[in-house]
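Chemist: below: sequence and its predicted model.
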Amino acid sequence: MKFGLKTMRLGWVPRCAAVALFVLATIAGVGCQSSPTKPGPSAGTGPVVKPLPPVASVVEAQNERVRGLNTLWARVSLRVDGKLANAKLNKEEAEGYLQVVLPHKVAVIINKLGNTYFYLGSNDEVYWWFDLTGDKRAFFGRHAQATAETVDRFGIPVHPLDLIELMAITPIPAAGQPGSPDQLHWSTDGQLLWYDVAARESTKRVLVDPKSFLPVMVELLDKTGKVVVRSELSKYLSFASRSLPGANPSVASRCIIKVPRQDLTITINVNDPDGRTPKAEAFNFKYLLVDAYRVPNLTDLDKKEAADPVQTSPSADGAGK
């Protein structure tokens, strides 16, 4: 990764901001697996009455699919349709890089012509977004203090760690363990299976193909059961794990993220994925803020105030208490 790149003013930049906020979506490699081409309707038990497979078989299939998926580096291309924060978007496209170290470290860099414009990231303590266009600005919050209100101020409809869940790349507690799904359901048309598991400040609903058990849709629900954001997953591919020799985890190479309340759709494709371990600097908030990008304007979302980055004095990995 190259840091400290000069900023350029291009016409596409303001509209491309939405791209940086949702790039954490799919990861892919080589070795295709079959999956439905079109996700089914919203989940619901409905009138469908037919045999269900054992819950354990679905859980085991998910955990085997992501076995060895601990780190990831990939190039991504994105297409944005819709609007975010009153900004009209129409078939906007961009490219960038995605780096992940589960469970908390994420780095998404959006570039154009060798210059970095946006940086979305998180580590074990904090999450952040850098807008490196014009007057550079950074926004950050602490995972432990994140609420729906702070995330809204951050500028995206879900916490960055929720985006990892939308990728369907995390394991599920095994049957009999706390947090494991206790039952399966058929979708209202009887075409897909679904189950619920707890997620950060919400419920994650996963719809899977009944033959392959591959996830085809993930929905994050609020406390009232309303869908906040969903991802539609397809074109599963596998790649070689570098942390577990012989393991070949698979991920969706195409992810369509939809945010109903903002009429926003983002289509993400992943190219040249790799199980390499990203550099530590990619998740070092202080280094990125002060040394790599020299961002002068910092907003602490938990305090609802702007602060000078030097006065904030974030720790090596996180932010000042």
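Modeler: That came through fine.
Chemist: low pLDDT regions in the stretch 101-250 of the chain?
Modeler: Applying pLDDT under 70 to the stretch 101-250 of the chain picks out residues 155-158.
Chemist: what about the helices in it?
Modeler: 148-154, 160-166 (DSSP state H, counting those that start in this stretch).
Chemist: TSV for those, including distance to residue 126?
Modeler: C-beta coordinates here come from the backbone N, C-alpha and C atoms, glycine included. Listed next are the helices of the stretch 101-250 of the chain as TSV, based on distance: least, C-beta to C-beta, whole Å:
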stretch	distance to residue 126
helix 148-154	11
helix 160-166	10
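Chemist: buried deepest among these, which one?
Modeler: Scoring these by mean neighbour count under mean count of other C-beta atoms under 10 Å gives helix 160-166 as the most buried, with a mean of 23.
Chemist: show me what that one is packed against.
Modeler: Where contact means 3 or more C-beta pairs under 8 Å, 6 or more residues apart in numbering; DSSP states H and E, helix 160-166 is packed against strand 105-112, strand 115-122, strand 215-221, strand 227-238.
Chemist: so what are the sheet partners of the first one and their directions?
Modeler: I take that to be strand 105-112. Here strand 105-112 is paired, per DSSP bridges, with strand 87-101 (antiparallel), strand 115-122 (antiparallel).
Chemist: about what we covered before: figure out which of the helices of the stretch 101-250 of the chain is closest to residue 101.
Modeler: The minimum distance between residue 101 and the helices of the stretch 101-250 of the chain falls on helix 160-166, with 10.7 Å, by C-beta to C-beta.
Chemist: can you list the neighbours in contact with that closest one?
Modeler: 22, 24-25, 100, 102-104, 106, 120-122, 127, 143, 158, 170, 199-200, 202, 204, 218, 220, 229-231, 255, 257 (C-beta atoms under 8 Å, 6 or more residues apart in numbering).
Chemist: so how do I select the buried members of those in ChimeraX?
Modeler: Those of those that count as buried under 16 or more other C-beta atoms under 10 Å are selected in ChimeraX with:
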select :22,24,25,100,104,106,120,121,122,127,143,158,170,199,202,204,218,220,229,230,231,255,257
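Chemist: for residue 62, helix, strand, or coil?
Modeler: For residue 62, the assignment made with DSSP: H, G, I helix; E, B strand; the rest coil gives helix.
Chemist: can I assume residue 57 sits in a strand?
Modeler: No: assigned with three-state DSSP, residue 57 falls outside any strand and is helix.
Chemist: quick check: the gap between it and residue 181.
Modeler: Residue 57 sits at a distance of 12 Å from residue 181 (criterion: C-beta to C-beta, to the nearest Å).
Chemist: who has more neighbours, these two?
Modeler: Ranked by neighbour count (other C-beta atoms under 10 Å), residue 57 and residue 181 place residue 181 first, with 21 against 11.
Chemist: isn't residue 233 right up against residue 257?
Modeler: No: judged on C-beta atoms under 8 Å, residue 233 makes no contact with residue 257 at a distance of 10.0 Å.
Chemist: which residue is nearest the middle of this structure?
Modeler: residue 163 (2.6 Å; C-alpha atoms, centre = their mean).
Chemist: just how off-centre is stretch 167-187 within its chain?
Modeler: Centre-to-centre, stretch 167-187 and its host chain are 19 Å apart (C-alpha atoms, centre = their mean, to the nearest Å).
Chemist: output that stretch as PDB, nothing but the C-alphas.
Modeler: Listed next in PDB are the C-alpha coordinates belonging to stretch 167-187 (Å, rounded to 0.1, in the frame of the first residue of the first chain):
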ATOM      1  CA  MET A 167     -20.100 -10.400   3.300                       C
ATOM      2  CA  ALA A 168     -21.100 -13.700   5.000                       C
ATOM      3  CA  ILE A 169     -17.500 -14.400   5.700                       C
ATOM      4  CA  THR A 170     -17.800 -15.000   9.500                       C
ATOM      5  CA  PRO A 171     -18.300 -18.400  11.100                       C
ATOM      6  CA  ILE A 172     -21.400 -19.300  13.100                       C
ATOM      7  CA  PRO A 173     -21.400 -20.800  16.600                       C
ATOM      8  CA  ALA A 174     -21.600 -24.600  16.200                       C
ATOM      9  CA  ALA A 175     -24.900 -26.300  17.100                       C
ATOM     10  CA  GLY A 176     -25.300 -26.500  20.900                       C
ATOM     11  CA  GLN A 177     -23.100 -23.500  21.500                       C
ATOM     12  CA  PRO A 178     -24.400 -20.100  22.700                       C
ATOM     13  CA  GLY A 179     -25.500 -18.000  19.700                       C
ATOM     14  CA  SER A 180     -26.000 -20.900  17.400                       C
ATOM     15  CA  PRO A 181     -29.300 -20.700  15.400                       C
ATOM     16  CA  ASP A 182     -31.900 -23.000  16.900                       C
ATOM     17  CA  GLN A 183     -34.100 -23.500  13.900                       C
ATOM     18  CA  LEU A 184     -34.500 -23.100  10.200                       C
ATOM     19  CA  HIS A 185     -37.400 -21.700   8.200                       C
ATOM     20  CA  TRP A 186     -38.500 -21.700   4.600                       C
ATOM     21  CA  SER A 187     -39.000 -18.400   2.700                       C
END
